[in-house]
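In: Structure here, sequence nowhere to be found:
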């Protein structure tokens with residue numbers, strides 16, 4: 001019974017990261033017809049409806065109430081996760097051009113490493129010394145991906161790598177949003193996702209309206225909306241609704257310590273789909289992706305080893321039991 005449940009958790013994490021890996025090649029085509037700001041607004045509007053329906057079905061209408069809750073903090077995390085991530089990552093992918101799906105996907109694989117710094121900043125939990133080495137290793141891998149091995153070109157023409165700034169910031173936004181769930185321990189994953197999506201959409205629409213009024217992005221046309229309709233369906237319902245739901249369920253079963261390993265599936269999936277569609281990654285990009293993947297794996301194994309040591313050295317308590325379970 002326990003093995004079957006663990007297998008379910010693995011399949012959920014795998015399904016989530018497969019859907020996220022495919023979303024970058026999908027966006028490569030969608031960005032030809034619509035800007036990332038308008039697309040993000042449409043995407044999360046559709047996803048929000050699905051999340052609200054699921055939350056009401058599972059927990060009732062009262063779960064939508066924010067009375068007495070820290071709605072300001074929830075708005076901040078929702079804005080980071082949905083406005084920050086949606087705008088910055090896909091803007092960076094658009095700026096990166098035809099190879100943007102590859103660059104964006106490998107940036108997402110650095111999230112666990114970025115998470116160490118976010119947790120350090122928010123929770124004052126300093127990463128172990130060895131983790132800094134793995135962070136440096138991960139950074140080298142990312143650098144190889146975005147420069148195709150020509151590190152000197154960054155110094156010679158830094159402006160050509162402007163797409164990578166919003167990509168990194170977008171990844172940080174999603175890490176910030178993910179860590180934000182720990183500030184609402186009484187909320188279920190369904191409630192945290194649904195309410196932060198609703199609150200985050202207020203920022204999404206506010207930014208869109210300002211950009212449209214300033215003439216920085218065009219007003220969406222019916223023709224453009226029809227062209228991106230298939231992309232919207234995938235991004236909102238598969239990568240958005242199903243992907244996030246599977247990720248939350250999977251991590252609850254196998255714990256985030258093990259679930260984080262599946263982030264390597266994102267660039268692998270994106271690389272595979274891009275290759276099939278004719279955008280073949282450079283050999284140095286593949287090498288860089290492998291280096292980043294190995295850094296993530298080694299850091300994960302190191303953290304699990306430390307958890308086991310802590311669990312063995314601590315008398316049994318409910319907290320110690322949870323630590324030992326996470327290390328398995």
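Out: Sure, I can see it. Given the structure is predicted, the values throughout are model-derived calculations rather than measurements.
In: In whichever strand or helix holds residue 195, which residues are buried?
Out: For residue 195, the element it lies in under DSSP states H and E is helix 189-213. Across helix 189-213, burial judged by 16 or more other Cβ atoms under 10 Å covers 189-201, 203-204, 207-208, 211-212. No exception for glycine: its C-beta is placed from N, CA and C like everyone else's.
In: quick one: what helix or strand has the spatially most central residue of the chain in it?
Out: Nearest to the mean C-alpha position of the chain, counting by Cα atoms, centre = their mean, stands residue 174 at 5.1 Å. According to DSSP H and E, residue 174 maps onto helix 164-180.
In: so what does the helix holding residue 195 touch, helix or strand wise?
Out: Packed against helix 189-213, as judged by 3 or more Cβ pairs under 8 Å, 6 or more residues apart in numbering; DSSP states H and E, are the following elements: helix 36-59, helix 71-78, helix 85-96, helix 243-254.
In: Deepest-packed of the ones you listed, please.
Out: Ranked by average neighbour count under the criterion mean count of other Cβ atoms under 10 Å, the helices and strands packed on helix 189-213 are headed by helix 85-96 at a mean of 24.
In: ok, then the element right after that helix?
Out: With secondary structure assigned by DSSP H and E, helix 85-96 is succeeded by helix 100-108.
In: follow-up on the earlier one: got a list of contacts for the helix holding residue 174?
Out: 73-74, 76-78, 80-82, 84-93, 95-96, 103-104, 107-108, 110-111, 114-115, 118-119, 122-123, 146, 196 (Cβ atoms under 8 Å, 6 or more residues apart in numbering).
In: Now residue 50: closest residue in space that isn't a chain neighbour?
Out: residue 241 (4.4 Å; Cβ to Cβ, 6 or more residues apart in numbering).
In: Model confidence at the one you found, what's the number?
Out: If you check residue 241, the pLDDT there is 92.
In: Endpoints of stretch 180-188, how far apart?
Out: Start-to-end span of stretch 180-188 (Cα to Cα, to the nearest Å) is 13 Å.
In: and what of stretch 99-116?
Out: 28 Å.
In: Next: stretch 61-80.
Out: 26 Å.
In: Now do that stretch, average pLDDT.
Out: 92.
In: Name the residues that touch it?
Out: With Cβ under 8 Å, 6+ apart as the criterion, stretch 61-80 contacts 52, 55-56, 173-174, 176-177, 180-181, 183-184, 190-192, 194-203.
In: So which other helices or strands are in contact with the lengthiest helix in the chain?
Out: Longest helix of the chain, by residue count under DSSP state H: helix 283-313. If contacts are counted by 3+ Cβ pairs under 8 Å, 6+ apart, helix 283-313 sits against helix 100-108, helix 111-123, helix 129-147, helix 256-259, helix 265-276, helix 318-327.
In: Surely residue 284 touches residue 144?
Out: Yes - Residue 284 is in contact with residue 144 according to Cβ atoms under 8 Å; the separation is 5.2 Å.
In: Tell me which of the two has more neighbours.
Out: residue 144 (24 against 14; other Cβ atoms under 10 Å).
In: Can you give me the pLDDT of that one?
Out: 77.
In: One more: residue 215?
Out: 92.
In: what sits against it?
Out: Contacts of residue 215 (Cβ under 8 Å, 6+ apart): none.
In: Now it: phi and psi?
Out: Dihedral angles of residue 215 (phi, psi; degrees, to the nearest 10) stand at phi 80, psi 20.
In: how close does it get to residue 250?
Out: 43 Å (Cβ to Cβ, to the nearest Å).
In: follow-up on the earlier one: continuing past the helix holding residue 195, what's the next helix or strand?
Out: Next along the chain after helix 189-213, with elements defined by DSSP H and E, is helix 222-227.
In: Next, the buried residues of that next one.
Out: 224, 227.
In: Can you name the element that comes right after it?
Out: Taking DSSP H and E as the definition, the helix or strand right after helix 222-227 is helix 229-233.
In: what does that next one rub up against?
Out: With Cβ under 8 Å, 6+ apart, helix 229-233 has contacts from 26, 27, 29, 30, 39, 42, 43, 46.
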